Structures are given as C-alpha cells and as structure tokens.
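Trainee: sequence and computational prediction follow.
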Amino acid sequence: MKQAAISGAGLALCILGLTAGSVAHGQSNGDLWFSIINSEAGLFPVIEPAGNESVVTYDIDSGRVSLDIGVIGGEFNEPLFCFDFSEESRPVTLHAHDANGHLIMDDIGMTSGIDYYLSNDELSVAMAASVQCFYNGSVGGHFGRFGTQPSEYSGLPPRSDDQLFRDEFSAFPNLTVSYNDLPENVMRGDVFDYTVTIANTGVVSADQLAFQEVFPVSDVYSARLDAGGWGCWSLPEDTDFCPALEGSDPLRFEGLVLPSGSEITFTVSRTVSDAESQSGNINLYAAAVNGAGSLAAFDTATGSVPIVGEPHEIIFAVDPVNTEQGETMEPVVIHVVDGNGNQVASDSSTIIDLRICDGDIQNCGGTVSYLVSEGEAVIDDIETDDMDPGTYVFRANPDNVQYPMSTRISQSFEITD
C-alpha cells in the first residue's frame, strides 16, 4: 500500500510511489478504481486519459489532487457528487469531474490523503467531517447520502418493552427534493421538459443549502444544456430565492438560502440527440443538503425516462380470446415496439394487415387493414356469425414504408358453440 499524506513531502512521495506503480501515466487499462471510505462505500472507475496524461494529477503548490470518474456500464447509473461546508482552507483537497463533464468535487477536504492498494488497483479516500457525499451505496445500491449517521431515529432503545413514551424534536429544517412532469418515454431527436423542486418544509431557514443534479451522457443524450436550457422560479410568489433565473450550465449550487415554507423549482429542457443508438434509459439524480454533519437536513430524488427507438416489430398487447359463435370477439390490441420491447407511442405510420385462418392455416380469409394510432391498433370488430366452432389462427403483418418490419405474429383461439 502506498499512502499520500497531507504534507507537501508526503505528496511528493505519493507521486513517486504512483509513478513507480505505473498508475499515474494512464497505464491502468481502465482497471483503476476510486473509492470513498464511508459507512457504505462508493466505488467508481477512474477515467484513463488519452496519450501520456496522468490518471491522477497532483498540484503541489495548491495541494490539489485531480481525477475524473467514469461509468461502469453503458447507462449512467453510478452518480457521485460531494460538497464541502468547511470555511477553513485545506492543506490537500480533491477535485473531480464525472463522465458527463459535471464538476462533482470542488476542492473537497480529505481526512489524511489517498491510499493506493496494489492488490485491486484502488485509490481510496476518507472525506473530512465537513463533507457531504451522495452516491449509490455499496450495500443497498440506493442513491443517498453516505459517510454520516442519519438523523432519523432508526431503532428501539434498550428496555423498550417498558417504555412509556418518547419525545423527538427536530431543530433543523426538513428538505424535500422531487422530480415532476417527466415524460413516459422519449425518442431520438426529442426535446423534453421536466421540473425538479427543492422545498423547505421545516420551521427553520436553510441557510447553507447545496444542491446538484447529475444527468447522463452517451451517444443518444448529452449532459450539456442548450442556451437557456433551464429556468427557475420560487414560492411564495413575489420571492426570489433562485441562484439565477436561467442558464445552460449544470445544476450545481452552493450557499443557497431557502426560508421556511419556501421552495425553488427548476424547469429543465433537454434534447435527445439524433444518434443511431436507440435504447436505454435516461437516469436522473438530484440531492440537496443544508450544511455539514449528521444532523444536516437532506433529501434525494431519482427519475428514469426510457428511450424508445424506431419501430422494430409488432406484438400482441391483448391476445385474441376464445369466443362463443355469434358473439363479437373481445378487442384485440397490437402494439408497435422498438428493439427493447418499448411501445413506440409516437408511431402512427404503421398499417396492420390482418387475416384469420383455420387451425392448420390451409384456408385464410381476406386481408383487413388497420391503421396504427400512437403506436397502437385496437381491433374490436371481429364478428363470429359465419365462423364454425373450432380452432382458428389470428395472423397480423406490419406494413411500414419508413421502418420495414418483417415480423409476422400469430395467435390461436377457439370459436365455441
């Protein structure tokens, strides 16, 4: 193990140690990990720069250690960001961006330094007591604040069997963070809007409020906002607690003040790029915290928006059912879906050609066409007066000039007497 101490001499030794270990020059081949030592650890891959740039950069004069955090899988589901509420200067601090280009650590204080473990190529750091970090925990896998004990009462005290009552008091404001107005799904090239709200529902003003949202980046969506990509308004009316009225930079703010009974709402507009890849989910993460320590009020919010691709095939959403002769069959519903089975709700260009055949598909009736509306065709006019009791096959073919689909679907059903 090689350890970086917080002194200048220690940093110099750390640089030599990491260089000797072939880590500081980008030779980790994507196998170098960064971890936060907390009650539930966070583990993140370190981005390996191109060329001869260092994986971890040390600025001796300022005492700054810098690195970039990557993602493990194809989707952005390893969020991380930290705030430092200390008003004192730190001898050594950590500075980092994530794969989206978000600033996620802005000179964050460390308790001692960075430990490098040779056995698993891991850089580990313990944050100072003034730091609040948010990420997916290593145990539960849920997005939350880690490193300090929660202020909520989490268990029964000793001898609770004879306890008469318990008084609990909160001297700190309560915060809530929530996503609203997220679309059910989006397609490439879409522009979609949503809101994220931070509300102080407590009785005390939140005077050290920090807030951040992190947004994914990949070949089908960008973390960068267009000019005027977000706006802000606050409640009660005729108040202005917003850090700015609009902007295009990522949503990361520190030093906000939110009085009791007030809230801030960001209206965000994002564009899904017109790329070839068409699947996955847009995962959103946001959190707010009011100051340092275990009693600081905080809350987190998550959101997920499926990315729907081009029409790929049709499926039965509601199968044909057995029907008594002479009755009208219950409606059959067919959906147009993408390659991942997501309904392409915006598709209205596909035509469903329907034929009903006998059980061995030797004899089929004429073709009847149904137009898809918003990715769905409802077939509710199948009459059975002229159908003898027996087994039949419901056959449907898609017809789409722009997105050819060769998949034909079939489903058998019975006509009973």
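Mentor: Looks like it came in fine. None of the values given here were measured: they were computed from a predicted structure. Numbering: from 1, shown residues only.

Trainee: correct me, but Ser273 touches Arg188?
Mentor: Yes. Using C-beta atoms under 8 Å, Ser273 is in contact with Arg188, at 6.7 Å. Every C-beta, even on glycine, is put in place using the N, C-alpha and C of the backbone.

Trainee: relative to Val186, how far out is the most centrally placed residue in the chain?
Mentor: Residue closest to the average C-alpha location in the chain (C-alpha atoms, centre = their mean): Asn283, at 1.9 Å. Distance of Asn283 to Val186, given as C-beta to C-beta, to the nearest Å: 13 Å.

Trainee: tally up the residues packed near the closest residue to Asn342 other than its chain neighbours, please.
Mentor: Distances taken as C-beta to C-beta, 6 or more residues apart in numbering place Val308 nearest to Asn342, at 4.5 Å, with adjacent residues excluded. If you count neighbours by other C-beta atoms under 10 Å, Val308 ends up with 27.

Trainee: hang on, Val308 packs against Asn185?
Mentor: Yes. With contact defined as C-beta under 8 Å, Val308 reaches Asn185; the gap is 4.6 Å.

Trainee: which neighbours do those two share?
Mentor: Asn342, Gln343, Ala345 (C-beta atoms under 8 Å, 6 or more residues apart in numbering).

Trainee: and the closest residue to Thr328 other than its chain neighbours, how many neighbours?
Mentor: Nearest non-adjacent residue to Thr328, counting by C-beta to C-beta, 6+ apart: Glu383, 5.8 Å away. Neighbour count of Glu383, defined by other C-beta under 10 Å: 11.

Trainee: list the buried residues of stretch 344-359.
Mentor: Val344, Ala345, Asp347, Thr350, Ile352, Leu354, Arg355, Ile356, Cys357 (16 or more other C-beta atoms under 10 Å).

Trainee: my read: the fourth one touches Gln402, true?
Mentor: I take that to be Thr350. No. Thr350 is beyond contact range of Gln402, at 9.1 Å (criterion: C-beta under 8 Å).

Trainee: residues in contact with Phe316?
Mentor: Val332, Val333, Ile334, Ile409, Gln411.

Trainee: adjacent strands (with direction) for the helix or strand hosting Asp107?
Mentor: For Asp107, the host element (DSSP states H and E) is strand 103-117. The strands beside strand 103-117 in its sheet (DSSP bridges) come out as strand 2-3 (antiparallel), strand 93-97 (antiparallel), strand 122-127 (antiparallel).

Trainee: contacts for stretch 93-108, please.
Mentor: 47, 63-71, 76, 79-84, 90, 109-110, 114, 125, 127-128, 131, 212, 214-217, 223-224, 250, 252.

Trainee: in strands only, show me those.
Mentor: When DSSP state E is applied, these are split such that 64-68, 80-84, 109-110, 114, 125, 127, 131, 212, 214, 252 fall in strands.

Trainee: quick one: low-confidence residue ranges for the stretch 301-417 of the chain.
Mentor: 406 (pLDDT under 70).

Trainee: could you pull out the helices for the stretch 151-300 of the chain?
Mentor: Secondary structure of the stretch 151-300 of the chain (DSSP state H, counting those that start in this stretch): no helices present.

Trainee: list the contacts for Asn180?
Mentor: Residues in contact with Asn180 (C-beta under 8 Å, 6+ apart) are Tyr194, Thr195, Val196, Thr197.

Trainee: now the residues you listed in CSV, with distance to Ala301?
Mentor: Formatted as CSV, the contacts of Asn180 follow (distance: C-beta to C-beta, whole Å):
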residue, distance to Ala301
Tyr194, 11
Thr195, 11
Val196, 7
Thr197, 9
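
Trainee: is it possible to mark the buried ones in the residues you listed?
Mentor: Buried positions within the contacts of Asn180, assessed by neighbour count (16+ other C-beta under 10 Å), are Tyr194, Thr195, Val196, Thr197.

Trainee: from those residues, pick the one nearest Ile379.
Mentor: Tyr194 (35.0 Å; C-beta to C-beta).

Trainee: okay but the closest one is in contact with Pro183, surely?
Mentor: Yes. Assessed by C-beta under 8 Å, Tyr194 is found in contact with Pro183 at 7.4 Å.
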